[in-house]
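S.K.: here are the coordinates; sequence isn't available:
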C-alpha cells in the first residue's frame, strides 16, 4: 500500500488521537477527525461529528475520500462505572461499534484498517515476554471486548487489510489517570519503592513511539493482516 490519500482517525480528541493527528498533518497526510460532537479544530483537518460510538453510528460522511482508518475510540476503564451492565456496554461500544465501522469502511473502499487494541487481551501477567500469537485471554470486560473485536475484525477482513496494535500503558505529555497520579507523587518528592518490585513489573510505551508505529503501519507495504505488540 502506498501512502494513504486521507486517513480517518476516530478518538481524535483523545490522548493518542491528538498526537497522531498532529503527526500526520506534519507529514502532509490529509486527515478526517471523527469526534463525538462538534469541536473546534484546525483549518487543515476535516472534523466530522459522529455521535457516540456504537452499532448504529453513521460513518458515511466521515469515511468520504479516506483510504485508511485508525480506530482509537473505545470505552476504556471506568473507575466508578455507572452502567447497569458494564460488560454489555463494553461489548456494544468496543465490539459492535468497531464492527459497524469496519463494515462501513470496507463498503467505502478503505484499503487498511488499523485497530488500537490492548496488551491486556493476553491477560494480566506472564512468566515470559509475550508474543503476538499468544492466546487472547482477556481477564476483565474491557480486555475481553478488545479481544472479541480483534477476532471479529479478522473474520471480516477481505480486500481491506486489518492491522492490530496491542500497546501497554502509554505515557507522555498530557497523560492522565494512574500514570499522572504517580508522576504527581514523584513531583512532591515522595519516594516510591519501585526498585523493590520484582513480581509486578509493567511495560510502558512513549506516546511519540506509539504514534510513530501507527504512522509506519499506515505507510507499510505489508499486504497481510498483522498484529503487533
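M.R.: The structure has been received and is ready for your questions. In this text the structure is predicted, and so the values were computed from the model without any measurement.
S.K.: longest helix in this protein, please.
M.R.: Of all segments of type helix in the chain, defined using DSSP state H, the longest is helix 141-156.
S.K.: and that one, which residues are buried?
M.R.: For helix 141-156, burial by neighbour count (16 or more other Cβ atoms under 10 Å) applies to 141, 142, 143, 144, 145, 146, 147, 148, 149, 150, 153, 156. To be clear about C-beta, it is placed using only N, CA and C from the backbone, and glycine gets the same treatment.
S.K.: how about stretch 101-109?
M.R.: Within stretch 101-109, the residues scored as buried using 16+ other Cβ under 10 Å are 101, 102, 104, 105, 106, 108.
S.K.: quick check: end-to-end length of stretch 133-141?
M.R.: By Cα to Cα, to the nearest Å, the extent of stretch 133-141 from end to end equals 21 Å.
S.K.: could you list the single helix or strand in the protein with the lowest mean pLDDT?
M.R.: Here the helix or strand of the chain ranked lowest by mean pLDDT, DSSP states H and E is helix 177-187, holding a mean of 81.
S.K.: what's that helix packed up against?
M.R.: The contact analysis (3 or more Cβ pairs under 8 Å, 6 or more residues apart in numbering; DSSP states H and E) places helix 177-187 against strand 169-171.
S.K.: so what secondary structure elements neighbour the strand it packs on?
M.R.: In this structure, strand 169-171 packs against helix 177-187, strand 204-206, helix 207-219, with contacts taken as 3+ Cβ pairs under 8 Å, 6+ apart.
S.K.: partner strands of it, with direction?
M.R.: Strand 169-171 has the following strand partners under DSSP bridges: strand 204-206 (parallel).
S.K.: and for the partner strand, what are the contacting residues?
M.R.: For strand 204-206, contacts defined as Cβ atoms under 8 Å, 6 or more residues apart in numbering pick out 167, 168, 169, 170, 171, 172.
S.K.: re earlier: list the contacts of the helix or strand just after the longest helix of the chain.
M.R.: Downstream of helix 141-156, the first helix or strand assigned by DSSP states H and E is strand 161-165. With contacts defined as Cβ under 8 Å, 6+ apart, strand 161-165 is touched by 1, 102, 111-117, 150, 153-154, 156, 210, 213-214, 217, 220, 222-228.
S.K.: ChimeraX command for the buried members of those residues?
M.R.: Here is the ChimeraX command that selects the buried residues among the contacts of strand 161-165 (16+ other Cβ under 10 Å):
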select :102,111,112,113,114,115,116,117,150,153,156,210,213,214,217,227
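S.K.: residue ranges of the strands in the protein, please?
M.R.: With DSSP state E as the definition, the chain shows strands at residue ranges 6-10, 30-35, 45-49, 68-71, 112-116, 161-165, 169-171, 204-206, 226-228.
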